[in-house]
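Trainee: The sequence and its predicted three-dimensional model are supplied below.
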Amino acid sequence: MNDLLTYAHENGKKRIFLEVRKSNLFAIALYESLGFSSFNVRKGYYANGEDAIEMVCTL
């Protein structure tokens, strides 16, 4: 993920977006430690009906 953030920054990207399962607390904590923040919930996003948390990192 650090390589992706570095590559994006070096190539003029301003933001990176991702979705993560609401139940995946480990991944959410990891993304937050890398500078991502939650901005939306997609209700029933996954096939099993689980919500997704949309996250963004501003570079």
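Mentor: Great, that's in hand. Numbers count the residues shown, from 1 in each chain.

Trainee: Look at the closest residue to residue 42 other than its chain neighbours and report its pLDDT.
Mentor: In space, and not counting its chain neighbours, residue 42 is closest to residue 52: 4.4 Å by CB to CB, 6 or more residues apart in numbering. C-beta here means a position set from N, CA and C on the backbone, and glycine is covered the same way. If you check residue 52, the pLDDT there is 98.

Trainee: Likewise for the one 4 residues further on?
Mentor: At residue 56 the predicted local confidence, pLDDT, stands at 98.

Trainee: mind checking the SS state of it?
Mentor: strand (DSSP: H, G, I helix; E, B strand; the rest coil).

Trainee: Count the neighbours of residue 57 for me.
Mentor: 21 (other CB atoms under 10 Å).

Trainee: Identify the residues contacting it.
Mentor: Residues in contact with residue 57 (CB atoms under 8 Å, 6 or more residues apart in numbering) are 5, 15-16, 31, 34-37.

Trainee: same thing but 10 Å
Mentor: Applying CB atoms under 10 Å, 6 or more residues apart in numbering to residue 57 gives the contacts 1, 4-5, 8-9, 13-18, 31-32, 34-37.

Trainee: and if you look at residue 22?
Mentor: In this structure, residue 22 makes contact with 28, 38, 41-43, 45-46, 50-53, judged by CB under 10 Å, 6+ apart.

Trainee: and what of residue 16?
Mentor: Contacts for residue 16 (CB under 10 Å, 6+ apart) come out as 1, 4-5, 8-9, 31, 34-36, 55-59.

Trainee: Give me the pLDDT for it.
Mentor: 97.
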